[in-house]
Structures are given as C-alpha cells and as structure tokens.
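In: here is my input, please return the structure:
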Amino acid sequence: MPTRPTPKPTPTLPPRRPYAALPILWAMLVLVLTLTPAQEMPITPVWELLSFDTAAHAGVFVVLAGLSWFSLSRQRRWPRLARHAGLVVVVGSTLFGGLIEVLQHTMGLGRNGDWTDLVSDAIGAAVAVGVLTAWARWHAHRASSAVAVFWVVGAAVALSAAPVPVNAQDMPRVRRTIEKLASPQMHGRGYVNDGDKKAAAYLRGRLKELKLEPLADDYTQPFVLDVNTFPRVMRWKMAFGDKRRQLPALKPGRDYIVTATSGSGHITNVPLVGLDTAIFAGSLQNMVAQQRLLEQPLKQQALLLTARDQTRLSTLPVNLRQHLNSAAAWVKLVPKLTASLASEQSPRIEIELLSHVKPKQGAIIIRGTSMSEPEKLWLTASVDAELRRNYQTQNLAAVVRGTTQPDSFLVVTAHYDHLGQMGKDVYFPGANDNASGVALLLELAAYYARPENRPACSVAFLLFGAEEAGLVGSSYFVAHPLMPLQRIKFLVNLDLLGTGEQGATVVNGRLLEEPYRRLVALNDAHHYLPQLAARGRAANSDHFPFSEAGVPAFFLYTRGGSTAYHDVNDRPEALSLAGFAGAFGLVRDFLNGMDAAK
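Out: Purely as a prediction, here's the structure:
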C-alpha cells in the first residue's frame, strides 16, 4: 500500500506585478489637476454642443476606470473583487468623483463643485467598464486583458504578461463554462423544465466546436430513469402556541427543503407532534410507550423527527413503522440542508427543516426562534410532487482518435447533471458538483483536439447524465458500452474540482498502487497540487461502475475552500478554482504517461 505523500506547500503564484500603481498614479494626477487653484489653470476652449470641462471629466474617468478594471482583474489576492471588477470600478470611480467635487467646493480654490461633472465622471467610468467587459468576454482567448485596457485608453504600454500557452487551460473560458452550466437557464440541470436536456444541448455544441468525433449519433446515448420531481408549488409555514404566533417566514432552499421521496399534499394547521423516545427504550417502558403511540391517530398530525429519531426508526417493529407512515407529514430536523434525488415517492409530505435542537433545555431553535418542547406547533404546507416514469435523458460521448493506437482508449469522464429545481423559484446551481469537473474535461478535450497534441492512443470524453440519481448514466454506459471495456487502458473521473486549497483526493489510489505512485511522482516533480491523498474503493461517483467491471479507474476531487454541497449555495462565485490549473496539468501528464502522448 503506498505511503501517504508528504504535504507540499501551496504552489507558488506568479510574481506580483505592481498593476495597482497605474490607477493610483493616475488618480494622484487627477487630484493635482482638479485641486489646482482656478487662477493657475489655463483657459479652456469653448465648445457649442458640449462643454470642454464636461468632456474632460468623462475622458479622465474613462482612463481611470480602464486602469482600475485592469488592475483589479489581474490581481489574485481578492478573487471576489476580480470577478466583480466592473461593479467595483464604477462605484469606486463615482465615489472618487464625488470626493473631488466636495473638495473643490470646500477648499476655497476658486473652483465650484458641479453635480454635472459627477454625472460625467460616472458616465465615463461606465463606458470604459462596459467596453472592457464586452471586449474581454469576446476576445479573452486572443489577447491578454492588458492589451484591451490600453486600446481603450489609447496608450501603448509593453507588459511582460505572456499569452496562454498551448499546453495550458483557458481560465476565463473555464469560468464561463461553470457560470453557464450553473445559470438559472439550466434549471439546475435536472428533470424539471428539461434542465438536463438544455445542459446536454450546450455541451453538445461545445463538443462540435472542438471538432471531436462522436461515439454515438450526435454524441448522444439516450437512456431512461424514474425520478421524483417538484415542478410547481412549494409553500409552508409554522405557528406555535395558539396558532396566532407565526414563525418568521421560511424560505425554500434556505430554511427547508422537501426530501427526495416526498409526495404531494396540502395540509392546514395540522398539529406537529414529536416522538416519545421511550418507544426506543427496552423492557416494559418500551412496550407501554409503543402501545400508546399505536392508539394515537396520526392521519391528521405531522410527525416531528430529530436526527437521532431518524437513525433509530428501522429498529422499531413493522406494525409501529407502518403506523408512523400513516402521518399526514414528516418534518425532519437537520443541521444542514442536503438535497438528493429518488426514484420513489412517499404517500405523505416530507420536509427537512434547518434547525438546532437543544434537548437539555427542551427547545428547538428555528431561524433564531426558540420553541420549548411542551409548546404546541402547527404546520401548514403545500407540495406538488411528480414522479416521472421512464424519463428520457442522455449521456454524451466523443473521442479524439489516436494516431498509432486508435483501438486503445484512455477515458476522461464527468457528470453534467445536478439536482434540478424544487418548486418554481428554487434551483440548485451545482457549480462545484459538477460544472467544475465538466469544465476540466472540456479543457482536456480542447488540449488533445489541437493537432500538435494529437494522442498516440484514442482519448474518449464521456459526459454522464443522472449521476445524482444513483450513477444511472454511467451504469447504463457500462452495460451498453460505446467502446469495448477491455480496450480501456485507464479512466480518470472528474468531479468536485472547484476548490483545491488543501490538494486533492484520489479514490482507488489505495487499490491501484502503481498508477497512484506515478501520479504522486508527477505531482512531486511539478508541484501541481499542495497534496495528494489516496482513498480506497468508494461508490461515490461515475468511476464506480467501471471499476466494478474491471476497468482501472481513478476518481479525482479537490479539497478545501467552499463546503457547499447539494444545496443552493453551490454557486460559481463560491469557487476559488485554486487547484484547477494543477489538476489539469496533473491529469494531462498522467494520461500522456499512459501513452496518450505521441
């Protein structure tokens, strides 16, 4: 069994360049000019349609905003500022312009503050940011953002920033891929509003752009599944005491979710009752409590379950469990909302409620409100659930044919699906899980599609659907392979690649010792990731059906950073992508070492 690699320090970032000095120096120059006493200023020309002063203000702030945008977008210390550079620059430039007008008004310079100048400042900043943002989106792959800035401001400055090398990933494109897949238009890439099909159509277009060869008609391998969905109504509220004291408004996705198996229903002011924990005890006390529960009608009651209750339900007698199933609703108290998918549907409403239980104090804390245990709780809820039978979805499959070993395959996989929607207004973005893995797969596909990187053996790229439904897509592929499984030399599955501050974990690393040692050696040589950790067999992603069929496979995922998982907080802005470049280099070199290189 391989030894755990010694943790490596975080990879050294490129040397910092003093980009911030550019807008700072320009701002100092602007202050000197605008705070010069009026009698010392030269006479400016008079224009008929537009005052020279107004035009000058706008022009000065075009330059200031351009330099500021460039400086913010290039820095790496504050990634959130870099991602929202446009908004920060417009607001900051406008505030700076306001400061100038206040100083001119109060310093007795013979110059008056003018609100029209402030408007000109804001317009100039907005124009610069708008042009730069549009240019960066359309032309990021052709030139560095430094050139864009100086084209707009009209200055030609030679910078040492180099273009993206042909062997590296395109990080602006990576961000765009993740943002697109996690956008509301994809509906969480699930089974409401054809979210899975919209995501597949987008990815199909990306594969065509790369001119990859399809492994199936139009890159598509269809299959069907049963899945419980929540397409429409999602409402609920709680009251306690005399029903007139309402709990603060609870938001779906933030304060509660329905369980994957929840059924449809509508209940109004149904009492919420907890379990007598004596039903789990032994001897006579246990029997008395269970008999008392059996005599209690539950069809017009909602059952309140703590996490500990849920783990012990399976220990109860069958007749008691059947009686509990007759309740109008189940409300499960959980410390974190974690959504999932199911192929079955319960006859009752089932809700998971974000809460904190303090049993010693006899209280439940919900949204900061403490409700004592003896106090009566009342539930009103409406849930629209639809169990979709034989829903047709799809895998996507493409290949770059090898130059000398076209019938031998290395395979890169990632699942593109996620949890979809929960009601009309809530969707699960799935940025880390697994828009990030899809983005890395596409970058590897772009690398091998280039003529200079054409592999010796074939490299296949598989995008699986219905992973979140229980590895359905990958299991279907293994049962109906588009290439002989015995011809697969190795498979690398990519899932949860949006972080990386603490390195990465390699599932099956403890089983496939020799390939794992080579992976560690590559990481040691190039310092791609701070650390690699080996893990054993795990049925936690799409590598598993292949491993069980005898295909050698790794599942790589990064650690650290955002902890959002299967919830509404798994958004693009939460991802640092700290280990993305390293993961790209590591997987590329590993595949090349497995004869993908010529």
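In: what packs against the longest strand along the chain?
Out: Using DSSP state E, we find that the single longest strand of the chain is strand 386-400. Identification of packing neighbours for strand 386-400 by 3 or more CB pairs under 8 Å, 6 or more residues apart in numbering; DSSP states H and E yields helix 195-209, strand 213-214, strand 220-229, helix 436-449, strand 457-464, helix 472-479. The C-beta positions use only the backbone N, C-alpha and C, and glycine is treated the same way.
In: how about 7 Å then?
Out: On a contact count with 3 or more CB pairs under 7 Å, 6 or more residues apart in numbering; DSSP states H and E, strand 386-400 meets helix 195-209, strand 213-214, strand 220-229, strand 457-464.
In: right, so the ones you listed: which one is the most enclosed?
Out: strand 457-464 (a mean of 26; mean count of other CB atoms under 10 Å).
In: tell me what that strand is packed against?
Out: On the basis of 3+ CB pairs under 7 Å, 6+ apart, strand 457-464 makes packing contacts with strand 386-400, strand 405-415, helix 436-449, helix 472-479.
In: quick one: the strands in the stretch 451-598 of the chain, in order.
Out: When secondary structure is read from DSSP state E, counting those that start in this stretch, the stretch 451-598 of the chain shows strands at 457-464, 488-494, 504-507, 532-535, 553-558.
In: tell me which of these lies nearest to T393.
Out: strand 457-464 (9.9 Å; CB to CB).
In: the closest one vs strand 386-400, what angle?
Out: Using axes from the mean of the first three to the mean of the last three CA atoms, to 10 degrees, the direction of strand 457-464 lies 170 degrees away from that of strand 386-400.
In: what comes into contact with strand 457-464?
Out: 203, 212, 215, 395-402, 405-406, 408-416, 438, 441, 445, 448, 473-474, 477, 483, 489, 542, 591, 595-596 (CB atoms under 7 Å, 6 or more residues apart in numbering).
In: same question, stretch 212-222
Out: Residues outside stretch 212-222 that contact it (CB under 7 Å, 6+ apart): 204, 207, 392, 394-401, 445, 449, 460-461, 477, 482-483.
In: recalculate using a threshold of 6 Å.
Out: For stretch 212-222, contacts defined as CB atoms under 6 Å, 6 or more residues apart in numbering pick out R204, L207, Q392, Q394, N395, L396, A397, A398, V399, L482.
In: and T268, how many neighbours?
Out: 9 (other CB atoms under 10 Å).
In: repeat for the one 4 residues further on
Out: Counted with other CB under 10 Å, the neighbours of L272 add up to 19.
In: wasn't it part of a strand?
Out: Yes. Judged by DSSP: H, G, I helix; E, B strand; the rest coil, L272 forms part of a strand.
In: so, low pLDDT: which residues of the stretch 1-150 of the chain?
Out: 1-19, 37-54, 73-83, 108-115, 136-150 (pLDDT under 70).
In: can you give me the helices in it?
Out: 21-34, 52-74, 79-83, 85-106, 115-139, 145-153 (DSSP state H, counting those that start in this stretch).
In: show me where the stretch 201-350 of the chain has strands.
Out: Ranges of strands in the stretch 201-350 of the chain, per DSSP E, counting those that start in this stretch, are 213-214, 220-229, 234-240, 245-246, 256-258, 265-274, 302-305, 329-334, 349-354.
In: hang on, the earlier thing: return the members of the contacts of strand 457-464 classed as buried.
Out: 203, 212, 215, 395-402, 405, 408-416, 438, 441, 445, 448, 473-474, 477, 483, 489, 542, 591, 595-596 (16 or more other CB atoms under 10 Å).
In: check the gap between R537 and V507 for me.
Out: Separation of R537 from V507 (CB to CB, to the nearest Å): 8 Å.
In: same question but for D218, I mixed them up
Out: D218 is 32 Å from V507, by CB to CB.
In: more neighbours, the two?
Out: Remark: of D218 and V507, V507 carries more neighbours, 24 against 10, as counted by other CB under 10 Å.
In: which residue packs closest to the more buried one, ignoring adjacent ones?
Out: Taking CB to CB, 6 or more residues apart in numbering, and ignoring the residues beside it in sequence, V507 has F555 as its nearest neighbour in space, at 3.8 Å.
In: looking at the strands of the stretch 451-598 of the chain, which is closest to R308?
Out: Closest to R308 of the strands of the stretch 451-598 of the chain, according to CB to CB: strand 532-535, at 28.6 Å.
In: got the contact list for the closest one?
Out: By CB under 6 Å, 6+ apart, the surrounding residues in contact with strand 532-535 are P5, A504, T505, V506, V507, G509, R510, Y516, V520, N523.
In: make TSV out of the residues you listed and add distance to K424.
Out: TSV is the format used below for the contacts of strand 532-535 (distance: CB to CB, whole Å):
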residue	distance to K424
P5	48
A504	37
T505	37
V506	40
V507	37
G509	43
R510	45
Y516	46
V520	48
N523	46
